[in-house]
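Engineer: okay, sequence plus prediction incoming.
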Amino acid sequence: MKANKLTRRKLIQLGLLGGGAAALAACAAPATPTAAPKPTEAPKPAATAVPPTAAPPPPTAVPPTAAPKPTEAPKPTEAPKPAADAPLKPVDRKQTLILGWSISSPVGTTNPWASPGYTHQEGNAMMWEPLFYFKIFEDKEAPWLAESGEYNKDFTELTVKLRKDAKWSDGKPVTAADVVFTAKGQMTNDKLNYNAEFKEFVKDVVAKDDLTAVFTFNKPAPRFKFEVLSLKFDTGIPIVPAHVLSAQKDVNAFAGGNDMPHSGPYNLVQWTKEQKVYDLNPDWWAAKTGVAKVPDVKRIVMVNIGGQIGGNMETVAQRIVNNEMDASLDMRDALIDSIIKKNPKVTSHTADKAPHGYLDWWPNSLWMNHQAEPYNDVRVRKALALAVNRDQIDEVVYSGAKISTVYPFPLYPGLAAFANSDGMKANIQKYNPRKFDLTESGKLMTEAGWAKNAKGLWEKGGKTLDATVKGFEGIHSDIVPVVVEQLKKAGFDAKIDFGPEAYNDMAAGKPGLYMFGHGASLKDPYAVLFLFTKKPSGNSAGANNFSRYNNPEFDKIVTQMGPMDASDPKFTQLAAQAFDIYYKDVIDIPLIQWLHRIPYNQTYWTNWPTAANLGPGVNGAFWAHTGALVVANLKAAS
């Protein structure tokens, strides 16, 4: 894969997670708060804005989950309607939510099947809905377009019952025909995100009546409803309108435009290079039927902050201080802390206390290619792991908050329960993956044939061990320098490399260390274990198995787990066996849980999801698939 720069959406497709912004420096001196731009005008983009191109953020592409497709668009079969030319009706600032985000997808691309071209992250999540949402902090499913979804005993069949009053924005009912059309499209169209999962698992989908769709699987599929049919974070599929897309000659080339019928709460009324504007659909079916309350937010203005991911954030921060924005993409700790100190109306997930963020689904590890020397030697991998001081990381990077981790999965309720299972606790006691011990690290390096040179660096055959840590400055500028210094103290020839080829080099398996995340498990450990069974595709790592780990014994255990529900005790036993191998072989070196530190301005809007008020039970990222739930739950401040 050749690329000089990676766009946010490209990295989502490739597997990055957790969005982010960088900027350790505090924002500029506080200005007197100014009135926000009128919502009917385009808020001015950040002063340093340049065409969005850039460095890392969120992942989503690991079987059994999948990622959004790239967003460079082909010419659509019909030109999207440029609503930017139409005058906007006036909406009071007190009813307007202003969000800062990078917007670079093709104007007018609202069709979830437009490929390449579509992304849910730039506001389109306000238009599209799933059969089910998943409330990660409550660890429970939230039926949405569907009223229920029930498996048979062996997980080879799933019956979905739809809500009788669900409607598209053009007034037509959402029916089982839409579910069948959505599923059949995924089964047959290889340009769609979940084509591989549908081909592997789904034998057939039929409509029993207008409100009942039945999925028949090729094999037990206990996680299909959760992984594929439920929206959470950046994964899962929305249901699309059969009466619209069935009329298109090419569903992938059809942009959709501002007027494409959808089921979500907001209508797109304007899209320019500077902003996107969504107005509340007064006939939104969920509010009409009591499934949701009528949102206080009548208009959403998504301002294009432009620039590199992690760039322009001091400017964005100042706009939040000035009450010109209500929320933005997430920030590094020092920057969000400075905002909170300058404007008492601004809060975070943990209020004014560290770590200011909530647990995201992308724990980060140090990755290395097991097929390349010297990382093919488990003694070297263990020596590197012993050189990492996680307590120091917590103190320096997170102001003492306990964010470092020894798990390659986020500690959400279901996974926290697994971490506390007897088998997993035995693994932790046996391998002590948190151990920091430079003496033991040195003994392992000596045993592996390395010796320290005159500079105190490990050397073999006249060459030092390349421990350059490649990462992404926009999201790793706080953690990677700390890790590099720790490795240096242990005698490793460590440096920082935030160059544009970090992802390409990692995917290609070039020697070195890489700071990157696991966009996999959310509910049970299967997905992250499955990730390590994937094999390279040509020169590129298979499904983000950047370690290129290959162990038939490990693969056999994970294959046994596949057909089992996570509630089966045998599943938990097998998972613990797989993690015994994970720690023994040091497949990667887990370092930190990932955080989203989103500034929430309460001048105009309250009831943001925080640690003290989890609200709808979903993560607070307005750009995620569950963003509409976050917005609909906000309350006007006055």
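Structural biologist: Done, it's in.
Engineer: buried residues in stretch 134-151?
Structural biologist: By 16 or more other Cβ atoms under 10 Å, the buried positions in stretch 134-151 come out as 134-137, 139, 141-146, 149, 151. Every residue, glycine included, has its C-beta placed from N, CA and C.
Engineer: any chance of TSV for those residues, columns pLDDT, distance to residue 325 and secondary structure?
Structural biologist: Shown next, in TSV, are the buried residues of stretch 134-151 (pLDDT from 0 to 100; distance: Cβ to Cβ, whole Å; DSSP: H, G, I helix; E, B strand; the rest coil):
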residue	pLDDT	distance to residue 325	secondary structure
134	97	28	strand
135	96	26	strand
136	95	25	coil
137	93	25	coil
139	93	32	coil
141	97	33	strand
142	98	28	strand
143	98	33	strand
144	98	29	coil
145	98	32	coil
146	98	35	strand
149	98	38	strand
151	98	44	strand
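Engineer: and those residues, which two are furthest apart?
Structural biologist: Greatest spatial distance in the buried residues of stretch 134-151: 137 and 151, 24.2 Å, computed using Cβ to Cβ.
Engineer: now the helix ranked longest in the chain: mean pLDDT?
Structural biologist: In the chain, assigned by DSSP state H, the helix with the most residues is helix 569-585. Averaging pLDDT along helix 569-585 yields 98.
Engineer: gap between residue 579 and residue 260?
Structural biologist: 45 Å (Cβ to Cβ, to the nearest Å).
Engineer: likewise residue 439?
Structural biologist: Counting by Cβ to Cβ - residue 439 and residue 260 are separated by 63 Å.
Engineer: so between those two, which is more surrounded?
Structural biologist: Shown here are residue 439 and residue 260; by other Cβ atoms under 10 Å, residue 260 has more neighbours (27 against 7).
Engineer: was I right to think the more buried one contacts residue 111?
Structural biologist: Yes: using Cβ atoms under 8 Å, residue 260 is in contact with residue 111, at 6.0 Å.
Engineer: where exactly do the strands run in the stretch 151-300 of the chain?
Structural biologist: Counting by DSSP state E, counting those that start in this stretch, the stretch 151-300 of the chain has strands at residues 157-162, 202-209, 212-217, 230-231, 266-271, 275-280, 299-304.
Engineer: ok, and what's touching the last one?
Structural biologist: Pointing back at strand 299-304 there. Contacts of strand 299-304 from elsewhere in the structure, counted by Cβ atoms under 8 Å, 6 or more residues apart in numbering, are 39, 43, 45, 49, 52, 91, 95-104, 122-123, 126, 266, 273-280, 325, 631.
Engineer: which of the residues you listed are buried? Put it as a PyMOL command.
Structural biologist: Only the buried entries of these go into this PyMOL selection, using 16+ other Cβ under 10 Å:
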select buried, resi 39+43+45+49+52+91+95+96+97+98+99+100+101+102+103+104+122+123+126+266+274+275+276+277+278+279+280+325+631
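Engineer: where's residue 168 relative to residue 144, distance?
Structural biologist: Distance, residue 168 to residue 144, using Cβ to Cβ: 14 Å.
Engineer: ok, now residue 152?
Structural biologist: Separation of residue 152 from residue 144 (Cβ to Cβ) stands at 22 Å.
Engineer: just residue 541 next, same as before
Structural biologist: Distance of residue 541 to residue 144, given as Cβ to Cβ: 34 Å.
Engineer: what about residue 88, how many residues nearby?
Structural biologist: By the criterion of other Cβ under 10 Å, residue 88 has 18 neighbours.
Engineer: is it correct that residue 295 is in contact with residue 629?
Structural biologist: No: Residue 295 lies out of contact with residue 629 (Cβ under 8 Å); the separation is 10.2 Å.
Engineer: how is the residue of the chain positioned farthest from its centre assigned, secondary-structure-wise?
Structural biologist: What lies farthest from the middle of the chain is residue 454; by Cα atoms, centre = their mean that is 44.6 Å. Put simply, residue 454 is coil when judged by DSSP: H, G, I helix; E, B strand; the rest coil.
Engineer: ok, now how distant is it from residue 244?
Structural biologist: For residue 454, the distance to residue 244 - Cβ to Cβ - is 71 Å.
Engineer: ok, now which ones touch residue 423?
Structural biologist: 572-573, 575-577, 579.
Engineer: per-residue pLDDT, it?
Structural biologist: Residue 423 is assigned a predicted lDDT (pLDDT) of 98.
Engineer: ok, now residue 471?
Structural biologist: 96.
Engineer: could we number from 427 for the rest of this?
Structural biologist: Taking 427 as the first residue, the last one we looked at is residue 897.
Engineer: right, and it touches residue 943 too?
Structural biologist: No: here residue 897 does not reach residue 943: they are 10.6 Å apart, not a contact under Cβ under 8 Å.
Engineer: after the longest helix of the chain comes which helix or strand?
Structural biologist: Next helix or strand after helix 995-1011 toward the C-terminus (DSSP states H and E): strand 1015-1018.
Engineer: run the chain-centre distance for that following strand.
Structural biologist: Relative to the centre of its chain, strand 1015-1018 is centred 18 Å away, using Cα atoms, centre = their mean, to the nearest Å.
Engineer: same thing with stretch 979-996?
Structural biologist: On Cα atoms, centre = their mean, the centre of stretch 979-996 falls 25 Å from that of its chain.
Engineer: now stretch 565-574
Structural biologist: 21 Å.
Engineer: endpoints of stretch 929-947, how far apart?
Structural biologist: 21 Å (Cα to Cα, to the nearest Å).
Engineer: stretch 755-771 now?
Structural biologist: With Cα to Cα as the measure, the ends of stretch 755-771 fall 18 Å from one another.
Engineer: got the buried residues for that stretch?
Structural biologist: Neighbour-count burial for stretch 755-771 [16+ other Cβ under 10 Å]: 755-759, 761-766, 768-769, 771.
Engineer: need those in TSV (columns: pLDDT and secondary structure).
Structural biologist: Listed next are the buried residues of stretch 755-771 as TSV, based on pLDDT from 0 to 100; DSSP: H, G, I helix; E, B strand; the rest coil:
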residue	pLDDT	secondary structure
755	91	coil
756	90	coil
757	90	coil
758	86	coil
759	89	helix
761	92	helix
762	95	helix
763	94	helix
764	96	helix
765	97	helix
766	97	helix
768	97	helix
769	98	coil
771	98	coil
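Engineer: ok, which pair from the residues you listed is furthest apart?
Structural biologist: Top of the distance list for the buried residues of stretch 755-771 (Cβ to Cβ): 758 and 771, 20.8 Å.
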